[in-house]
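**Q** kindly return the folded structure for what I paste below:
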Amino acid sequence: MSSVNQPMIDLLLTRRSALAATMVEPGPGAAELELILRAATRVPDHGKLAPWRIQIFAGAERARLGDILAGAFVSEAPQGAEAATDDGKVDFWRQRVQIAPLVAVVTLTPVEGKVPHFEQLMSGGAVCQNMIIAAHALGYAAQWLTEWPAYSPSVRKALGYGEDDTLLGFIHIGSRSEAPQERPRPTLQEVVTLHGI
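**A** Down below sits the predicted model:
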């Protein structure tokens with residue numbers, strides 16, 4: 001049996017998303033962010049295509065991202081036509097990405113060729129997962145959210161992406177203001193089938 005990296009196993013077994021709405025300063029500094037991004041991009045990537053892109057919003061730039069979400073909410077009214085004139089809901093989406101100190105937007109920009117789109121999509125999902133694990137390893141809270149903005153044509157366009165691109169999610173990173181509550185997990189018997197073991 002190979003040697004066990006127990007701290008890594010413990011990290012994976014204790015990772016828990018924290019609610020973005022409860023995050024506080026500080027967020028990762030420049031050196032820590034570089035570590036998170038280096039870890040995020042070290043993923044399985046068939047064909048070495050790097051079909052994903054990451055945009056980081058911190059400081060005042062979070063307000064610009066919030067304005068993008070609020071504008072898209074008004075123009076698309078994803079919760080019904082009456083929602084577009086509900087100032088409370090519009091402001092909610094404006095503030096949604098301004099609570100955590102840092103928000104990363106991860107996008108798949110697929111590369112045409114022999115590598116199936118699904119495999120590129122899975123690689124992008126691994127980018128998101130590595131990012132939240134790296135943030136956890138550095139002592140920060142993280143939450144990977146999609147919600148309607150990830151499916152919004154207006155948000156996608158405002159961020160500079162085309163119709164063939166997919167927003168994989170918004171990764172909120174900051175410090176915890178409260179301990180996250182553990183949630184029920186499936187038992188291994190529910191999700192695993194063993195063959196020959």
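**Q** which strands or helices does the longest strand seen in the chain pack on?
**A** Counting residues, the longest strand found in the chain (DSSP state E) is strand 166-174. Strand 166-174 makes packing contacts with strand 102-108, helix 117-137, strand 141-145 when contacts are defined by 3 or more C-beta pairs under 8 Å, 6 or more residues apart in numbering; DSSP states H and E. Just so you know, the C-beta spots here come from the backbone N, C-alpha and C atoms, and that holds for glycine as well.
**Q** what residue is smack in the middle of the protein?
**A** Of all residues in the chain, the one closest to the mean position by C-alpha atoms, centre = their mean is Ile171, 2.9 Å from it.
**Q** show me what it is bridged to.
**A** Ala104, Trp144 (DSSP bridges).
**Q** do I have it right that it meets Ile132?
**A** Yes - if you go by C-beta atoms under 8 Å, Ile171 and Ile132 touch, sitting 6.3 Å apart.
**Q** intersection of neighbour lists for these two?
**A** Jointly contacting Ile171 and Ile132 under the rule C-beta atoms under 8 Å, 6 or more residues apart in numbering are 142-144.
**Q** pLDDT below threshold where in the chain?
**A** Applying pLDDT under 70 to the predicted model, the residue ranges of the chain that meet it are 1.
**Q** and the helices in it?
**A** Per DSSP state H, the chain carries helices over the ranges 6-14, 30-40, 61-76, 87-96, 117-137, 153-158, 188-191.
**Q** dump those helices into JSON lines; add distance to Pro110 and mean neighbour count as well.
**A** Shown next, in JSON lines, are the helices of the chain (distance: least, C-beta to C-beta, whole Å; neighbours: other C-beta atoms under 10 Å):
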{"stretch": "helix 6-14", "distance to Pro110": "29", "mean neighbour count": "10"}
{"stretch": "helix 30-40", "distance to Pro110": "18", "mean neighbour count": "16"}
{"stretch": "helix 61-76", "distance to Pro110": "22", "mean neighbour count": "18"}
{"stretch": "helix 87-96", "distance to Pro110": "27", "mean neighbour count": "16"}
{"stretch": "helix 117-137", "distance to Pro110": "5", "mean neighbour count": "19"}
{"stretch": "helix 153-158", "distance to Pro110": "13", "mean neighbour count": "17"}
{"stretch": "helix 188-191", "distance to Pro110": "29", "mean neighbour count": "8"}
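**Q** let me have those in JSON lines, extended by distance to Ala179.
**A** What follows is these, written out as JSON lines (distance: least, C-beta to C-beta, whole Å):
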{"stretch": "helix 6-14", "distance to Ala179": "12"}
{"stretch": "helix 30-40", "distance to Ala179": "21"}
{"stretch": "helix 61-76", "distance to Ala179": "25"}
{"stretch": "helix 87-96", "distance to Ala179": "22"}
{"stretch": "helix 117-137", "distance to Ala179": "14"}
{"stretch": "helix 153-158", "distance to Ala179": "32"}
{"stretch": "helix 188-191", "distance to Ala179": "26"}
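**Q** looking at those, which is closest to Val106?
**A** For the helices of the chain, the distance to Val106 is smallest for helix 117-137, at 5.3 Å, taking C-beta to C-beta.
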